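[1] Pasted the sequence and its predicted model underneath.
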Amino acid sequence: MPAATDQTTQLVPGAPRHVAIIMDGNGRWATQRGRPRLFGHHAGAKRVREIVEACPDFGVEYLTIFAFSTENWKRTQVEVAGLMSLFRRYITKETRALKVKGVRVRFIGDRVRLDAKLVKLMNMLEAETAENTLTHLTIALNYGGRDEVARATQRLAQDVASGLLHPDDVDEETLPRYLDTHVLPDPDLVIRTSGEARISNFLLWQSAYAEYEFIDTLWPDFTKAEFGHLCAAYGNRDRRFGAVSS
Ligand code: IPE
Ligand code: IPE
Ligand code: MG
């Protein structure tokens, strides 16, 4: 069975320890400028470095970003191929900076449908940054919350079938050990850019008690300053987890 989640320690009181971001609005950002959608994706990819590097300043230890969903294959072949090539370029270009800045990178999502060259780069980036501990960056690539739960359930069922796990032991603590996110704490704050107020299949299980921020900014315009405001605002929220405020 995989390792249990680490839900302990917090370095900056009041800060969201784990922020997850649905980076939306690249296409509209490009269209507004009369440019092809891929132009927006390139602009969006460029924003990632500043946000990742800002995490320690705001007490954020875990950042999870939604880069490509299991539903995004429905886009045109040109856009999908362009995104896949952008992911390869991003990894190749950013590995050094991520390594030097103390960022540990992990990928979640189903790698089976991804191109072998891209998967090789993803494995390389994970291995190259495996010793880092300052910021935990998780990139959701070919990720869908329902797909993740289905894959987890399949592995769990295999463990039951082979006698490793008893059906009576399947509970809220057991199932998340089979999720792609099993080593991550649950997100405290989920941000979605671009004005859409939906979660689009992102971290369904994990965000059960997350706080949400839906902001109008398109992802290529998102800045460290706005990220800082949202992290600070999180500190004023009253998370009750079903109980009554103390
Ligand atoms: C988010 O931007 C990036 C991905 C889904 C890959 P979009 O491409 O969804 O941008 P909009 O929503 O069309 O503006
Ligand atoms: C969610 O955005 C996925 C990513 C940001 C990678 P979408 O643009 O795909 O979501 P919908 O289609 O508007 O729900
Ligand atoms: Mg979108």
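    Thanks, I have it. Ligands and ions are numbered 1, 2, ... in the order given.
[2] Indicate the residue of the protein located nearest to ligand 2.
    S200 (3.7 Å; Cβ to the nearest ligand atom). From N, CA and C alone the C-beta is placed, and that goes for glycine too.
[3] Relative to M23, how far out is that residue?
    Separation of S200 from M23 (Cβ to Cβ, to the nearest Å): 11 Å.
[4] Same check on G163?
    Separation of G163 from M23 (Cβ to Cβ): 43 Å.
[5] so where does the residue lying farthest from the centre of the chain fall, helix or strand?
    Distance to the chain centre peaks in the chain at G163, reaching 32.8 Å (criterion: Cα atoms, centre = their mean). Assigning secondary structure by DSSP states H and E places G163 outside every helix and strand.
[6] Mind telling me what element T217 is part of?
    Going by DSSP H and E, T217 is not in any helix or strand.
[7] List the beta-bridge partners for F68.
    L141 (DSSP bridges).
[8] Is the residue positioned nearest the centre of the chain in a helix, a strand, or coil?
    By Cα atoms, centre = their mean, the chain has its centre lying nearest to T64, at 2.7 Å. Assigned by DSSP: H, G, I helix; E, B strand; the rest coil, the conformation of T64 is strand.
[9] Who are the contact partners of it?
    18-21, 108, 137-140, 181, 184, 187, 203 (Cβ atoms under 8 Å, 6 or more residues apart in numbering).
[10] Can you tell me which of those residues is nearest T223?
    Nearest to T223 among these is I21, at 12.9 Å by Cβ to Cβ.
[11] Can the helix or strand encompassing that closest one be said to contact ligand 1?
    When elements are assigned from DSSP H and E, I21 belongs to strand 18-22. No. With Cβ under 6 Å from any ligand atom as the criterion, ligand 1 is not reached by strand 18-22; the gap is at least 7.9 Å.
[12] Remind me what that strand packs against, helices and strands.
    strand 62-69, strand 189-192 (3 or more Cβ pairs under 8 Å, 6 or more residues apart in numbering; DSSP states H and E).
[13] Those strands: which one's closest to ligand 1?
    Nearest to ligand 1, of the helices and strands packed on strand 18-22 and by Cβ to the nearest ligand atom, is strand 62-69 at 5.3 Å.
[14] Can you name the next helix or strand after that closest one?
    helix 77-100.
[15] give the contact list for the residue in the chain positioned nearest to ligand 1.
    Nearest residue of the chain to ligand 1 (Cβ to the nearest ligand atom) works out as G27 at 2.7 Å. Counting by Cβ under 8 Å, 6+ apart, G27 touches R37, G40, H41.
[16] Which pLDDT value belongs to the residue nearest to G102 when sequence neighbours are not counted?
    Excluding its sequence neighbours, the residue lying closest to G102 (Cβ to Cβ, 6 or more residues apart in numbering) is L134, at 3.1 Å. pLDDT, L134: 98.
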